[in-house]
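Chemist: this is the structure alone, sequence omitted:
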């Protein structure tokens, strides 16, 4: 399966009369977009606000971040099974507005939304301080039930992203990257001397408000399955979860999965990247056992030499991570894990909730418990009303002048456990 | 920076030059020259000036430092009278008003290592001054105290004294001057097991691919986080007669009275709360809520009995299936809470449960 990803670099955003791209600037017709966005009776109002890198802006509570894309040719649409009919995606041509991001903002669903700072010391921890952000600030109707609110917000973000993505349909990309993965037997034949490598992508599926969707299917209900790596670039996977902000795999991160990107970089040179295995992180022990058994079976069946495994969330999913690691190691395949750490504010406790001796090769994306200082910002998009009860916040953490002391985990994607960032941790 | 600040700094520097940094050194019976095993019982004492390895230590520390006194204690005495020895030694040290405390080094001497670790930690905690020691990596004192104090890594025996002392004095000076302490390898101490963030030049996924290629090729690679070891708590003996037992509920499900009076965090809890259920037959949603940030709260907000099963327990109490229910429950948030904090909570709240003659607890998690 071959996908041409046309990248259109967005260097600035502003409001204007027509929604379009001009010389690398994304122009948004505010009124038009707000009117388009407000079509769900569960949402009372939508306001679009812009945030650029370097501005004195704090965005909170952030729910999801989405890179606008459009399917130019090939089957399906962006976010198949959710924003359009179900159709296998990952081939043909897709355009992406690289450097732009749709950010959904609104009062909290369940403590688990986070903060993005566009400047200052804390900006360096989130990739979204470097994107030009179209913030979709939503107000739910009075008394809206939590799950309905989450769903309405999720769909609203995707809808706005696709609306904006549409402007890139007829634009000549600045760069075209071709990703190509052949059917298994052919792919193995193409580089017979290189080690066969797979990526085991654990989707957050702890349930209600901790969900991920694959072609519109709740990941709780999937059995481990195979995916061409390019499918994810067309939005086959979306985030529906409210897991702790720091290791939230936003929809943006699914579209731009760093493990897939970096395995492709070495594809045909140092390794043969043959497939992605999708699995889940359900809370019942029987589900954990079943899914990890199946992951190991698929790995053995395909004859993979090595795999990288990533998780989403911490605590409970650590058990899935360790089961996958152990069982895949037991079938003779080499395993490297990527995760983040939660050793307490003093950094002295165990960083993970579970451990197996087979987990002897692990990449750390940093520890989320250290307290960081968030300087005062000139402008708040959204509200700071919930900061003290958001994950990473605590009583008294919000100061009168609007500055905050909170655990790093309150920042969106700051310790994301798929290796997107450069943040790491070491033992002192 | 304006000139007044500069001037103040100069004055300060001048002062430090005039006033030496005062150091107290701790050694055991053997290094004090009192005697070997036969003298391991000697009680703590303190003598002005340097003794034994202190002479050399003073040389490495240099002119700006003065080892003002040396505390001595027998290893057996220390081990057998831990709290007594610690408080006696601290009282003796206090008089000298030291700025820095150095114990050992103990190399691979087990009891001496434990004593050095214990006294260094106590001095640091109680006198609030930097404390440091040195040991061989397999000394039992290392695992006991590495998280609390800096332990410089030494070789196995005292033959390494001339290498160990300069390393200890270098790190001690950095601590005394409040300089930034670098990584264990750079500054020569045994890893304390404290996880510290930094920015790597490569992103995590890229490093994972590198590590996987090495692992598949059979080349050497270094994991970024060696697997931790967990405490395993032995379950206590089974209850003999549950119909006569007093039961309490302890939960990590974040149930608190409406409004969360103790402001327990929704994640990474630093505290727990004790809440009355006296004369209540059920957990009413208008009285209780959950602040847990790790699960979907919707159902529990409607019915807090799902996490603190007061309704069922009251029925059982009435029917004589359990003896008695304690008139409170204890609650914290489990999600993201460090094992260090969890252990502290457990040690603390179990005292109260024992005092209240609770025979068994039901732990509910979410």
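Modeler: Thanks, I have it. Just so it is clear, the model here is predicted, and its values are computed rather than measured.
Chemist: for stretch A:151-162, the averaged confidence score.
Modeler: Per-residue pLDDT over stretch A:151-162 has a mean of 96.
Chemist: hmm, who's touching that stretch?
Modeler: With contacts defined as CB atoms under 8 Å, 6 or more residues apart in numbering or on different chains, stretch A:151-162 is touched by A:33, A:36-37, A:39-40, A:42-43, A:46, A:63-64, A:66-70, A:77-79, A:82-83, A:102, A:104, A:106, A:109, A:134, A:136, A:138, A:140, A:144, A:235, A:238-240, A:251. Using the backbone N, CA and C atoms, a C-beta is placed for each residue, glycine as well.
Chemist: low pLDDT regions in the chain?
Modeler: I'll assume chain A. Residues of chain A that meet the criterion pLDDT under 70 lie in A:208.
Chemist: not quite, go with chain B.
Modeler: Within chain B, the set of residues satisfying pLDDT under 70 comprises B:1-18.
Chemist: and the strands in it?
Modeler: Using DSSP state E, the strands of chain B run over B:21-28, B:45-48, B:65-73, B:100-103, B:131-136, B:150-154, B:195-199, B:246-251, B:255-257, B:273-276, B:288-290, B:324-331, B:360-364.
Chemist: OK, contacts around the nearest residue to residue A:211 once chain neighbours are set aside?
Modeler: Spatial nearest neighbour of residue A:211, excluding adjacent residues (CB to CB, 6 or more residues apart in numbering or on different chains): residue A:240 at 4.3 Å. Counting by CB under 8 Å, 6+ apart, residue A:240 makes contact with A:150, A:151, A:154, A:211, A:212, A:213, A:218.
Chemist: and residue A:240, how far from residue A:165?
Modeler: Distance from residue A:240 to residue A:165, counting by CB to CB, to the nearest Å: 19 Å.
Chemist: likewise for residue B:63?
Modeler: 70 Å.
Chemist: give me the more crowded residue out of the two.
Modeler: When residue B:63 and residue A:165 are compared for neighbours, residue A:165 comes out ahead with 25 against 9, by other CB atoms under 10 Å in any protein chain shown.
Chemist: list the buried residues for the helix or strand hosting that one?
Modeler: In the assignment (DSSP states H and E), residue A:165 maps to helix A:146-165. Buried residues in helix A:146-165, counted by 16 or more other CB atoms under 10 Å in any protein chain shown: A:146, A:149-165.
Chemist: out of the contacts of residue A:240, what pair is the most spread apart?
Modeler: Using CB to CB, the two most remote members of the contacts of residue A:240 are A:151 and A:212, lying 13.6 Å apart.
Chemist: in chain A, what residue spans correspond to helices?
Modeler: Remark: helices assigned in chain A by DSSP state H are A:30-37, A:146-165, A:184-190, A:251-255, A:258-266, A:285-302, A:316-330.
Chemist: among these, which comes closest to residue B:214?
Modeler: Nearest to residue B:214 among those is helix A:258-266; the distance by CB to CB comes to 12.6 Å.
Chemist: contacting residues around the closest one?
Modeler: Contacts of helix A:258-266 (CB under 8 Å, 6+ apart): A:179, A:197, A:199, A:201, A:229, A:232-233, A:271, A:273, A:276, A:308, A:310, A:338, A:418-420, B:203-206, B:208-209, B:213.
Chemist: how close does the residue of the stretch 1-150 of chain A found nearest chain B get to residue B:203?
Modeler: Closest residue of the stretch 1-150 of chain A to chain B, CB to the nearest CB: residue A:111 (3.9 Å). According to CB to CB, residue A:111 and residue B:203 sit 28 Å apart.
Chemist: many thanks, we can stop here.
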